[in-house]
Structure formats: C-alpha cells, structure tokens
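Asker: return atomic coordinates for the entry below.
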Amino acid sequence: MTGRHAALLALLMACGFLVVGQLYVTIPLVGDVAARFGIESASATLIGSAFGFAYAAGFLIFGPLSDRHGRKRVILLGLAAMALATVLVGLAPSFGTLLATRAVQGLAASAFPPAALSLVAEELPPQHRPLGVSLMSFAFLGAAPLAQFFAVQTGGGLPTIMFELAPLYLAGAAGLFFVASPETRRASALSEERGSQLASLIGDTGILAAWVAAVTVLFGFVSFHAGALALGPSLGVDLQTLRIVGLPPMLLAFAAAPVTRRCGPSVTARTGLLLSALALGLAVAGTPTVLLVASVLLSAGVALAVPGLIATVAGCATNANRGLALAVYSFCLFLGASVAPPVAQGLSGLGTVPLWLLPTVLLVGAALGIRRSKAPNPT
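Answerer: The predicted structure follows:
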C-alpha cells in the first residue's frame, strides 16, 4: 500500500467521523434546543429524526449516482453541500427552519458513505481492502461517542458547533480532491448495466442475505440501549456505565480485516451476528452484571458484523453496481436503527424477555442466512 493509499484512508476516515457524527452530535443538545426555541424536549428530539430519515433515504439516491458519475465526484459535491447545509443549520431562526435544514444536511451527508466505501473497495490493492473496510467501519461506529463528546466539550450551543464543523467538510473535500485518483471510467460505461443493476443484485442470494442481516445489526444494538433506557432504574445498572463499557470493544473492527482475509467476509459477518445474538440472549436475564457483560459483547459483535457485511456486499457486487449495493445496505442498516426505539418502547412494558428475545431471534436468523452467501466477486 502506497503513501497515497494511506493518505486516502486517513482522509476518508476523518470525513467519516465528521459526516456520520452529525447523526449523533445533537443528542446532548436536545435540552439546549428546547430552551432556545421554547419547545418541549420530546419535540426537540426531532432534530435527530429529521437528519436520520433524510440520511437513510439519501443512500438510495447517491449510491447509484456514484455508479454513474464516479465516486470522487459524488464525495466532493456531497462534502461541499454538507458544509453549506451545516452553516444553514447554525443560522436557522426558527424550529421549523431548523428541522428543514437538518433534513437537507442529512441528505447531503448520505452522499458520503456508499461512495466512500466503494472508493475503498476500488482504489486499495486487493490484499488491503479488508483493512480499509475495517478502518471505515471503525470511523462510522466511533462517530457516535466522539460526536457526543465533542458537543458536550465545545459548549456554546448548536450554532457554535455547526459553525466550527462547516469548514472541516471543505477541508476534507480539498484534501480528497488531490489524493483520490481521477475518475478513469466514463459515466456512460458505468451506466451500461443500470437498467438491470437492481435485478442483478436481487438475484444474488449473498447480497440479499447481507441486506436482510444489515437490518438486524443496529436494530439489536439500539433495542438494547433504548430498552435499557425505557426500563430505567428497575434494571439496577447505571446507564452511562452501560454505554461506556461498550466503547472499547468497537476497536474489534480492526480485527475484522485479518479474519476476513483468512476466513472470508461471510465468516466475519456471521461471527459478529452470532456474538450480538449471544449478548442480547444474555441480557434477557436482566441482572446488572450480566447487562454489563452483554453491552461489551454486543459492541464487539457489531464491530465485527458491520465490516463483515460491508465486505460481503462489496465483494459480491461489481464496479457497475457496487454503489447501489452499498447504498441499499446502508439504508437497511439505518432502517433497523430507526425502527428499534418505538419497538423497544412498546416491548419494554412486557419485561426483558420479549424486549431482547426478538432481536436475538432475528440476529440468529440473519447469521444462518449469511451462510448461504456467494463467494466474493472480484470484478
């Protein structure tokens, strides 16, 4: 791997932290936003939802666009749009305008992940692609705690944070402009198969299994933490401690690379899914010590499952449809995260067994489906 490859990975990781972090940066700011606009905290949480739904939907737009017009072009335009939208969020004079600008920001942010993952799969030497996927996965997963830590430490409220972040997106775009390779394929060549792209992906049982599994990964992760929050003091465990002990195991995303090289991406993904299922199965017991152990195992499982599924999808797809394949994967991943909170809230009143047994069963089923995935496609 050359110095240019290393610089490319470093820039993509930095942009990954900055872009995906916007999904989480407003979590500690709900009280500040509520006070600023004179609204209830429940309404203020919509600043996260407005971003999240636009973010998930945008994957289906920008993934195919990166197939047709090139990864670099989509990433650069997306980061430039992200900078502008971030400034608009900071300038929003009313809560309604804030929601609208957050949705625009989420849409702009969605241009980055599918195109960046496709760029890693296409630019890095084959033997280093698993490492690249692991690094990007760590950036996406690590964005959650880092963004919230940044928001709390910065102070000054939402406008200050947005104004500080906006120039960083332009800096990332400038760096990638010089480091990423020029587009070598014409849009017409990339779009030759676009009429049958989705059909070819649906016909691949390996990709289908990975898409279905993606729904269960963050569904299980968010169900655990949302369920613990809903049950509250009855669990007898400090929720902040429950979150903190789950942070170090996310570093296992780096272990996904050697496991993938030795055993294949489907084995990495299946291991992560089963580890997550084990964690949620243990959590059913509901005792403080077991819940802390479950949090550690669950984060470890997610850290393996996410890069394993990305590598599975990227490997089975081709250059002509990889952006679309990863876009649908990303949509499925965040669809599971979006559905989890209301489901967890509804099941929490029934106790820990139905609350965490459902995602356990779904994760086991997803792991069994991954077993039937095809070998990676090198083209």
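
Asker: pLDDT weak spots in the chain?
Answerer: Across the chain, the ranges flagged by pLDDT under 70 are 1, 41-42, 183-200, 203, 319-320, 323, 371-379.

Asker: which segments of it make up each domain?
Answerer: 3-179, 197-370 (automatic domain parsing).

Asker: could I get these as JSON lines with mean neighbour count?
Answerer: The C-beta positions use only the backbone N, C-alpha and C, and glycine is treated the same way. Formatted as JSON lines, the domains of the chain follow (neighbours: other Cβ atoms under 10 Å):
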{"stretch": "domain 3-179", "mean neighbour count": "20"}
{"stretch": "domain 197-370", "mean neighbour count": "21"}
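
Asker: so which residues of the stretch 51-200 of the chain form helices?
Answerer: 71-91, 95-109, 112-123, 129-154, 157-179, 187-190, 197-202 (DSSP state H, counting those that start in this stretch).

Asker: what is the third one packed up against?
Answerer: Using 3 or more Cβ pairs under 8 Å, 6 or more residues apart in numbering; DSSP states H and E, the elements in contact with helix 112-123 are helix 3-21, helix 46-69, helix 71-91, helix 129-154, helix 288-316, helix 322-348.

Asker: wait, which of those is closest to Pro233?
Answerer: Pro233 sits nearest to helix 288-316 of all the helices and strands packed on helix 112-123, at 11.3 Å, using Cβ to Cβ.

Asker: and that closest one, what does it pack against?
Answerer: Contacts defined by 3+ Cβ pairs under 8 Å, 6+ apart place helix 288-316 against helix 112-123, helix 129-154, helix 205-231, helix 239-244, helix 256-263, helix 265-283, helix 322-348.

Asker: dump these to a markdown table, plus distance to Leu84.
Answerer: Shown next, in a markdown table, are the helices and strands packed on helix 288-316 (distance: least, Cβ to Cβ, whole Å):
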| stretch | distance to Leu84 |
| --- | --- |
| helix 112-123 | 15 |
| helix 129-154 | 20 |
| helix 205-231 | 28 |
| helix 239-244 | 33 |
| helix 256-263 | 35 |
| helix 265-283 | 36 |
| helix 322-348 | 22 |
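
Asker: need the residue closest to the centroid of the protein.
Answerer: The structure's the chain has its C-alpha centroid closest to Phe140; by Cα atoms, centre = their mean the separation is 5.3 Å.

Asker: who touches stretch 91-110?
Answerer: 19-20, 22-23, 26, 33, 37, 39, 43-44, 46-47, 50-59, 61-62, 78, 81-82, 84-86, 88-89, 159, 330 (Cβ atoms under 8 Å, 6 or more residues apart in numbering).

Asker: just give the closest residue to Cys332, not the sequence neighbours.
Answerer: In this structure, Cys332 finds its nearest non-sequential neighbour in Ala214, 4.0 Å apart by Cβ to Cβ, 6 or more residues apart in numbering.

Asker: show me the contacts for that neighbour.
Answerer: 309, 329-330, 332-333, 336.

Asker: now do Ala255 against Leu218, distance only.
Answerer: 20 Å (Cβ to Cβ, to the nearest Å).

Asker: ok, Gln153 next?
Answerer: 26 Å.

Asker: what does Leu117 give?
Answerer: According to Cβ to Cβ, Leu117 stands 16 Å off from Leu218.

Asker: now Lys72
Answerer: 28 Å.

Asker: kindly report the same for Ala327.
Answerer: For Ala327, the distance to Leu218 (Cβ to Cβ) stands at 16 Å.

Asker: surely Ala151 is in contact with Gly31?
Answerer: No: with contact defined as Cβ atoms under 8 Å, Ala151 does not count as touching Gly31 (11.5 Å).

Asker: before we move on, the earlier item: tell me which of the helices of the stretch 51-200 of the chain lies nearest to Met13.
Answerer: helix 129-154 (4.3 Å).

Asker: contacts only, for Val25.
Answerer: 147-148, 150-151, 161, 165.

Asker: between these, which is nearest Asp204?
Answerer: Ala147 (34.2 Å).

Asker: distance of the residue lying closest to the closest one once chain neighbours are set aside from Phe59?
Answerer: Excluding the flanking residues, the one nearest Ala147 by Cβ to Cβ, 6+ apart is Gly21, at 3.3 Å. Separation of Gly21 from Phe59 (Cβ to Cβ): 17 Å.

Asker: check Val19 too.
Answerer: Val19 is 12 Å from Phe59, by Cβ to Cβ.

Asker: for Leu247, which of the helices and strands packed on helix 112-123 is the nearest?
Answerer: helix 129-154 (5.6 Å).
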